[in-house]
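> how would this look folded up:
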Amino acid sequence: MIKEIFHTIFSQFILFLKHQNKKVKIDKNCLKFDLTPININNILFFNLKEDSYLTSNYLFLIKEQQLKNILKNFNNLNSIEKSNFSENFSALNKLIQNIFFYKRENSTIIEINLFEKFNVYGLGLKFYKFNRLHEVFDNYNTDNALHSHFTDNLYSTSNIFYLVNKEICFPFIIDFPGFIRYDFCKTDKNKIRIKLASHSFNLIISAYRNLMEGIKFIYNLQNIFYKPPFFAFGYTHSRWGIKSLNEVQQIIDKHLIEKIPISNVCIDIDYMDNFKNFTISKNFEGSYSFKDISKIYQEKNIFLIPIIDAGIKIEKNYLPYETIIKNECYMKNKNGNIFIGKVWPGNCIFIDFTNQKSSDLWKDFIKNWINYSNTRGCWLDMNEPSIFDQKEKTLSKDSKTSDDIYEIKVHNIHPYYQIKSTFEAFEELNIRPMLFSRSGYTFSGRYSGNWTGDNRPNLKHLKYGFYEILSLSLSGTMYTGTDIGGFWTKASDKLLIQWFNCALFHPLFRNHSSIFSKRKEVYILKEKTKEKIKKIINFRYSLIPTIYSLYMSSIFFKTPYILPLLYNENYNLKTNKKNSQKNLYKELYKKIQKFDKSKILKKFEKNLLYEDAILVGDTIGYDPFNTNIFDFIYEYDTKLFKKFIFDENEIYIKKGKGIILTKKLEPCKNIFETSPFEILGYPDQNGIFTTYLYLDDGYTSNSYNKFALYEIKAIFEKEFFKNFEINTIFEDLTDNELKLKEEIIKNLKIVRS
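Numbering: from 1, shown residues only. Here you go, the predicted structure:
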């Protein structure tokens, strides 16, 4: 144990030293060159393709014609508030005059001279402060369990970031699948430098009035989004170390006995035969087969979600191994031989996801696995890919694809196509899967969710994980979650409660822990802790119609489901003598006197957002760290958010908005089953509040395009309910679903604050 602790500390120290020396410099070896952008509706598209081995469209996600088509549709969407492009183009033109390009022998450097002060947000999964300014980050998918601020190579990468100030927002996308280093003014306080391991890339830049409009541009460019099944929004239990199918049954039964709602149980590598993908051990094939048990629980709306890893064991007569070798779809080492690395099964090969042939092969594996296991989802793990006996903990930079492209130039795209082909396998079998991945890449939110990986049970990991969820949202990945309570070792009862509380609105609501952690199934916790967490889980289930409708309507409108509280320049946050803290009503004063109000408001105004609080679907304000930011805004901005308390759970509803509540605190197959609904709202000055109701079967891939979205408008006169209106935004339901919809409308109960 002492040796392991010393090794961990020493490894962290080495990583820290390496991180401190990360820089991007322009020196005499850099050759400056010009790169003229193509202007597409005032979106600038830079295209450089000088590496012959990177000409494949499969390796680049953004094509010029595709960009034109998407932006044409974007400009025609009346529902999206867009900037006046002509006003912003002058700012964009000024930015372009301050962007320079340099070449080295095997790399390109993009330099941006900052002519004003900007905040920097984005890059998806980074274990760091939300504002990326004055730091260096590498994008190279890596299994890095330490999760310190100087271990920026984490599982998932996104090449989307935003430069933001009060006047303008510049969204950036770098379409390049290999190694990138971002130096956000650390080496030079006025310069951003971005180093790419290639002379081939696409760069897209635009300009908008504020961060929200910049995010909408990114969402329209991504264009499609992963739609989880309805059950994927329920409570999920997961633990590495569940050794048998009998233990799975015990976990589910004990939840049910204790009346703790549970929708999903994720099963780690323990279910596999010698850790081989697409196999099931004898412990999970007893009197009932895995397939039979899976079917039995599905009838109760409880789903078994098995893990799938990336490494394929080298074993004669093991079909996946034999098939990959036969089709030559494997990664190679620098000498051109089969790349071999150790993972859980021992020596493994790794499928090459940089071409269509390999992806089709993986899709066939997944289809066969679905039929064998009867699963309706999976979580993709170790898919950076993670490799134990490699210095870099993943494929070495000098390894090669099956087409002899060096890994350093394509590494980050592996999980994208693994995710895509996995999703398509389920879709082609008419299954809408619960699908989330540890690793990811720009726009992988089209096909799956992304959880934040193996965290630790401490307050910093809780908070930075909270930021990671928000940053992933800025990058277009919507179905996200952290390991509630931390993956490694034991969380205190207080921290565990706080973590459940913080994760209340995360789409993936998963309690996940390791074999080295003390068990934290809710039913075995101390009575007081158990009751508090049960209240949070029950509240989650009462909110599922709201969470589901807000999530799906966000996809429809191509806006984020969850965001940090964005700064609104109309907020009247500056106090004066007549409107001072001492003159606030007594109850508020008691709550906030222990906080430095001016510090919170100054941070909000300076950063143009507040990452310790969130806005869900532009409807619900949530303040899990008890900063009282919404109380401040309530007082200083015409009572914009109002607090509601549900059995000790506090949320804020935005003025003019409403939420949908159900009393069915149990796993359900779809949203129809959670009716009847109570709609609770906070009317505006005209006595009106609105909410969205999204209906579909929530279960089959047919429902990706067959659904209905309604706006429910509740109208009050003074404090008395007058009537409500149902406005159809989109409707394509079966006859039976339309009947169920009429039943829902008939039984609606509407109340106001």
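
> look up phi and psi at the spatially most central residue of the chain.
Among the residues of the chain, the one closest to the centroid is residue 480, at 3.6 Å (Cα atoms, centre = their mean). Torsion angles at residue 480 (phi, psi; degrees, to the nearest 10) stand at phi -140, psi 160.

> touching, it and residue 510? I think so.
No: judged on Cβ atoms under 8 Å, residue 480 makes no contact with residue 510 at a distance of 10.5 Å. Bear in mind the C-beta positions are built from the backbone N, C-alpha and C, glycine included.

> against residue 619, how distant is residue 751?
Taking Cβ to Cβ, to the nearest Å as the measure, residue 751 falls 16 Å from residue 619.

> likewise for residue 337?
56 Å.

> out of these two, which sits in the more crowded spot?
Higher neighbour count among residue 337 and residue 619: residue 619, with 24 against 10, using other Cβ atoms under 10 Å.

> do you know the pLDDT at the more buried one?
What the model reports as pLDDT for residue 619 is 98.

> got the buried residues for the top helix by length along the chain?
Ranked by residue count under DSSP state H, the longest helix found in the chain is helix 527-557. For helix 527-557, the neighbour count (16 or more other Cβ atoms under 10 Å) marks 529-530, 532-555, 557 as buried.

> skip the chain neighbours and tell me the closest residue to residue 309.
Ranked by Cβ to Cβ, 6 or more residues apart in numbering and with sequence neighbours excluded, the top spatial neighbour of residue 309 is residue 382, at 4.3 Å.

> who's in contact with the one you found?
143, 309-311, 343-344, 438 (Cβ atoms under 8 Å, 6 or more residues apart in numbering).

> make CSV from these and add distance to residue 445 and neighbour count to it.
Shown next, in CSV, are these (distance: Cβ to Cβ, whole Å; neighbours: other Cβ atoms under 10 Å):
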residue, distance to residue 445, neighbour count
143, 21, 24
309, 21, 23
310, 19, 26
311, 25, 26
343, 26, 22
344, 27, 18
438, 14, 26
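
> what is the lowest-pLDDT residue among these?
residue 143 (93).

> contact partners for it?
By Cβ under 8 Å, 6+ apart, the contact set of residue 143 is 155, 382, 384, 386-387, 393-394.

> over to residue 731?
708-710.

> neighbour count added to those residues, as JSON lines?
Below are those laid out as JSON lines (neighbours: other Cβ atoms under 10 Å):
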{"residue": "708", "neighbour count": "17"}
{"residue": "709", "neighbour count": "21"}
{"residue": "710", "neighbour count": "22"}
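
> between those residues, which is closest to residue 406?
residue 709 (46.4 Å; Cβ to Cβ).

> residues contacting that closest one?
Contacts of residue 709 by Cβ under 8 Å, 6+ apart are 552-553, 556, 692-695, 728-731.

> the same query, at a cut-off of 7 Å, please.
Listed by Cβ atoms under 7 Å, 6 or more residues apart in numbering, the contact set of residue 709 reads 553, 556, 692, 694, 729-730.

> can you list phi and psi of it for me?
Torsion angles, degrees, to the nearest 10, at residue 709: phi -130, psi 120.

> check which helix or strand the nearest residue to residue 175 once chain neighbours are set aside maps to.
Once flanking residues are discounted, residue 175 sits nearest to residue 202: 3.7 Å by Cβ to Cβ, 6+ apart. According to DSSP states H and E, residue 202 maps onto strand 200-205.
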